[in-house]
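Q: Here's a sequence, model it:
(one chain, ligands or ions: 1)
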Amino acid sequence: MKNYFMRFPEGRTKAVTLSYDDGCRADLRLAETINKYGLKCTFNINSSLMGSNTQDWHLTKEEIAEHLLGTGHEIAVHGALHKAPGMTTIIDGIRDALDGRIGLERAFGGIIKGMAYPNSGIRIFDNGATYNDVKNYLIELGIAYARSLGGDNDCFLMPEDWYNWIPTAHHNNPKIMEYIDEFLKIDVNSEYAGARRPRIFYMWGHAFEFDRNDNWEHLTEICEKLSGNDDIWYATNIEIYNYTKAYRSLEFNVDRTVVYNPTLHTVWFHADGKDYCIKSGATLNI
Ligand SMILES: [Zn+2]
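A: Residues are numbered from 1 along each chain as shown. Below you'll find the model as predicted:
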């Protein structure tokens, strides 16, 4: 029996993704900075707060469309009004997530199905809702994944539960540079055959924190370390979700000698020392 592992597009063993919250003015500088380095970000936007205040803090939908979506980043749900699902009643949680999704889809078109939990998210429950309630209603609302928080994913593993997707670290984590070095050091294909899992480095935060701490050079340093690596796929959260879903939709015979790709993606995988690539609609004998 062979060991099978997903590989990212072009057979890459690792992915890097970012997730930044609240649709603030500093997102423009963040996007401009990471664009120079080819990194991709998911921007989590409160649909009812776009362009909403007089201090010019929230981006307008035109700015988001041009500078964030327009340069290849993802826009994801962050509630219409930034309500924590764990702190609201079930019906208020449903309303904030659904209004958030509708608001973004009407503003930007397309299908918007990613999410980052607003506020304390699913870390505290105080109004009768449980994690299972939240997960179930998000599934019914067509949300594909939801980023959570709580501890660091410094093993760089893919999420086990898409509705509790734990990032590697916040950019202000004192160990962030250590984590990056550790991540870059991993040589996935030379690990023993049963452990060659793909790895992901997932950083989150709020762009306004770079303004507040006057440390934009910290972001530049991080980008310099992470960028330009042939082993790494630079992708948004939803690109990683969609690709992983395609990989997990591959069909195999029992002996795992025949594989069929029923999806619209070209998919890469690794089996006992060899990389394979299977095109949409193709069948491959291994
Ligand atoms: Zn937020």
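
Q: use CA for all of it now, contacts and neighbours both
A: Noted.

Q: how near is residue 84 to the ion?
A: As judged by CA to the ion, to the nearest Å, residue 84 and the ion stand 9 Å apart.

Q: so where does residue 275 fall, helix or strand?
A: Element membership of residue 275, judged by DSSP states H and E, is strand 274-278.

Q: can you map out the strands along the stretch 151-286 of the chain?
A: Taking DSSP state E, counting those that start in this stretch, the strands of the stretch 151-286 of the chain run over residues 169-170, 199-205, 232-234, 251-252, 258-260, 267-271, 274-278, 283-285.

Q: could I get the ones you listed as JSON lines with mean neighbour count, distance to the ion and mean pLDDT?
A: What follows is those, written out as JSON lines (neighbours: other CA atoms under 10 Å; distance: least, CA to the ion, whole Å; pLDDT from 0 to 100):
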{"stretch": "strand 169-170", "mean neighbour count": "22", "distance to the ion": "13", "mean pLDDT": "98"}
{"stretch": "strand 199-205", "mean neighbour count": "23", "distance to the ion": "9", "mean pLDDT": "98"}
{"stretch": "strand 232-234", "mean neighbour count": "24", "distance to the ion": "23", "mean pLDDT": "98"}
{"stretch": "strand 251-252", "mean neighbour count": "14", "distance to the ion": "39", "mean pLDDT": "97"}
{"stretch": "strand 258-260", "mean neighbour count": "16", "distance to the ion": "41", "mean pLDDT": "97"}
{"stretch": "strand 267-271", "mean neighbour count": "21", "distance to the ion": "34", "mean pLDDT": "96"}
{"stretch": "strand 274-278", "mean neighbour count": "15", "distance to the ion": "38", "mean pLDDT": "96"}
{"stretch": "strand 283-285", "mean neighbour count": "13", "distance to the ion": "44", "mean pLDDT": "97"}
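
Q: and the strand holding residue 275, which strands flank it?
A: Strand 274-278 pairs in its sheet with strand 267-271 (antiparallel), by DSSP bridges.

Q: where does the residue of the stretch 51-200 of the chain found nearest the ion fall, helix, sheet strand or coil?
A: Closest contact between the stretch 51-200 of the chain and the ion, by CA to the ion, is at residue 118 (4.7 Å). Recorded secondary structure, residue 118: coil (DSSP: H, G, I helix; E, B strand; the rest coil).

Q: any idea of the pLDDT on it?
A: On pLDDT, residue 118 comes in at 96.

Q: before we move on, what about the one 4 residues further on?
A: For residue 122, the pLDDT comes out at 95.

Q: Excluding sequence neighbours, find me the nearest residue to it.
A: Distances taken as CA to CA, 6 or more residues apart in numbering place residue 86 nearest to residue 122, at 5.0 Å, with adjacent residues excluded.

Q: Tally up the residues packed near that neighbour, please.
A: Residue 86 has 25 neighbours, counted by other CA atoms under 10 Å.

Q: what do you get for the one 10 residues further on?
A: Per other CA under 10 Å, the neighbour tally for residue 96 reads 26.

Q: which ones are touching the residue nearest to residue 122?
A: Residue 86 makes contact with 120, 121, 122, 123, 124, 125, 126, 127, 129, 130, 131, 134, according to CA atoms under 8 Å, 6 or more residues apart in numbering.

Q: need the residues of the stretch 151-286 of the chain near the ion, please.
A: Counting by CA under 5 Å from the ion, no residue of the stretch 151-286 of the chain lies close to the ion.
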